[in-house]
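got a sequence here, can you model it:
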Amino acid sequence: MWPAPCKLEYRMTMQRTLFAAQIISLALLTQACFSVEYQETLKNSPSNSAQSLLGDWRSANAGSFPTPQSCGDLKWNVTSQDATHIAGNFEATCGGGVKLVGTARGVIDGNLLIEATGNATGLVPFTCPFTLNGTGVLQADSSIQVDYTADTCVGRVSGTEILRR
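Residues are numbered from 1 along each chain as shown. Now for the predicted structure:
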């Protein structure tokens, strides 16, 4: 048999060991739960690989007058977004007072591959379809630089616009 001090020391050492094991187990369990929750949050976020682009975007130079071969006062109200696509309502004013109104959608692939379609009105007494294609590049200041080309019944227009919220 051990003398009394050895039993006490052995019992205290075992209690410390068990306590340390419980603390380590708790830490590991907490880390595992956090890791699973974090992964679920990333997987379920609306823009898995991109920032949220929802909301109103408008030309930085709103109110400026476009040339006959360009458009200005672009407005894009992005109403839906998932990890790879955005979509919403689109408007622009082009040279000669031609107004473009329709919808736009974009594919998020490093940049935004944009397509807008709808009707052009203004210069002629009737409406006609338009198609606008462009590439949007997210800028460091949270703006989007859009290089575009559009075909309307009054001809082709092209240019570059900076969109801001």
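
please report how far the nearest residue to residue 155 once chain neighbours are set aside lies from residue 159.
Of all residues not flanking residue 155 in the chain, residue 69 sits nearest, at 7.9 Å (C-beta to C-beta, 6 or more residues apart in numbering). Using the backbone N, CA and C atoms, a C-beta is placed for each residue, glycine as well. To residue 159, residue 69 is 8 Å away according to C-beta to C-beta, to the nearest Å.

tell me the domain ranges of the protein?
The chain breaks down by automatic domain parsing into domains covering 1-44, 55-164.

least confident of those domains, on average?
When the domains of the chain are ranked by mean pLDDT, domain 1-44 comes last with a mean of 56.

tell me where this protein has strands.
Using DSSP state E, the strands found in the chain span residues 55-59, 71-81, 85-94, 98-109, 111-121, 128-138, 144-152, 155-164.

make sure residue 139 is actually in contact with residue 163.
No: counting by C-beta atoms under 8 Å, residue 139 sits too far from residue 163 to count as a contact (9.6 Å).

about what we covered before: closest to residue 65 out of the strands of the chain?
Nearest of these to residue 65, taken as C-beta to C-beta: strand 71-81 at 6.8 Å.

buried ones in the closest one?
Neighbour counts over strand 71-81 (16 or more other C-beta atoms under 10 Å) mark 71-78, 81 as buried.

same deal with stretch 92-100?
92-95, 98-100.

ok, and what's touching that stretch?
Contact partners of stretch 92-100, identified using C-beta atoms under 8 Å, 6 or more residues apart in numbering, comprise 66-75, 90-91, 116, 118-123, 130, 132, 150, 152, 154, 157.

now, of the residues you listed, which are buried?
Neighbour counting over the contacts of stretch 92-100 (16+ other C-beta under 10 Å) leaves 66, 70-75, 90-91, 116, 118, 120-121, 123, 130, 132, 150, 152, 154, 157 as the buried ones.

hmm, back to that, closest to residue 60 out of the buried residues of stretch 92-100?
residue 92 (13.8 Å).

what bridges to the closest one?
Beta-bridge pairing for residue 92 (DSSP bridges): residue 100.

quick one: it from residue 140, how far?
Applying C-beta to C-beta to residue 92 and residue 140 gives a distance of 25 Å.

likewise for residue 133?
25 Å.

same drill for those two, tell me which one is more crowded.
Shown here are residue 133 and residue 140; by other C-beta atoms under 10 Å, residue 133 has more neighbours (15 against 5).

neighbours of residue 52, just the number please.
11.

thank you, goodbye.
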